[in-house]
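> Below: sequence and its predicted model.
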Amino acid sequence: MRTGSEPATARSALRARFWLSLWGVLWAIFGMAAFSLTGRAGWAVACGVLWLVATADMVMILRHLRQGPHYQPGRNVPPYSPPDDRPPFRGPQGRQGTPGRPRGPRHRHP
């Protein structure tokens, strides 16, 4: 269901991102060590830069996880506001459709 508030209520799979960044950190360290032992300095530097980027990403992810439900709500928190079950706003009964007066809104925005 689209509610129009998706950018404000969008969620990220932070735990999956954490494990993927950890995987990237481990491979970057392995690559840096392997390339430096074989004498490929350029590739070792590239892996070192990738290691720094993945580590910075992991630190940001851990920070967001520790900030709590604002960044990572639990499974019982819906990603959108529940729909309003009230009937649409109709305005005063006697005034709708009378000449010279604008009609009231047909529906209520959340």
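Cool, the structure landed.
> Next, the buried residues of the longest helix seen in the chain.
Taking DSSP state H as the assignment, the helix of the chain that covers the most residues is helix 41-66. By neighbour count on 16 or more other Cβ atoms under 10 Å, the buried set for helix 41-66 is 44, 47-48, 50-51, 54-55, 57-58, 61, 64. Bear in mind the C-beta positions are built from the backbone N, C-alpha and C, glycine included.
> Which member of these is positioned nearest residue 15?
Taking Cβ to Cβ as the measure, residue 61 is the one of the buried residues of helix 41-66 closest to residue 15, at 8.6 Å.
> re earlier: which helices and strands does the longest helix of the chain pack with?
helix 14-37 (3 or more Cβ pairs under 8 Å, 6 or more residues apart in numbering; DSSP states H and E).
> Just the residues contacting the helix it packs on, thanks.
Residues from elsewhere that reach helix 14-37, judged by Cβ atoms under 8 Å, 6 or more residues apart in numbering: 41, 43-44, 47-48, 50-51, 54-55, 57-58, 61-62, 64-65, 71-72.
> please redo it, this time with the cut-off set to 10 Å
13, 40-62, 64-65, 71-72 (Cβ atoms under 10 Å, 6 or more residues apart in numbering).
> so where's this protein uncertain?
1-11, 69-75, 77-110 (pLDDT under 70).
> 80 instead, please
Low-confidence segments of the chain (pLDDT under 80): 1-12, 67-110.
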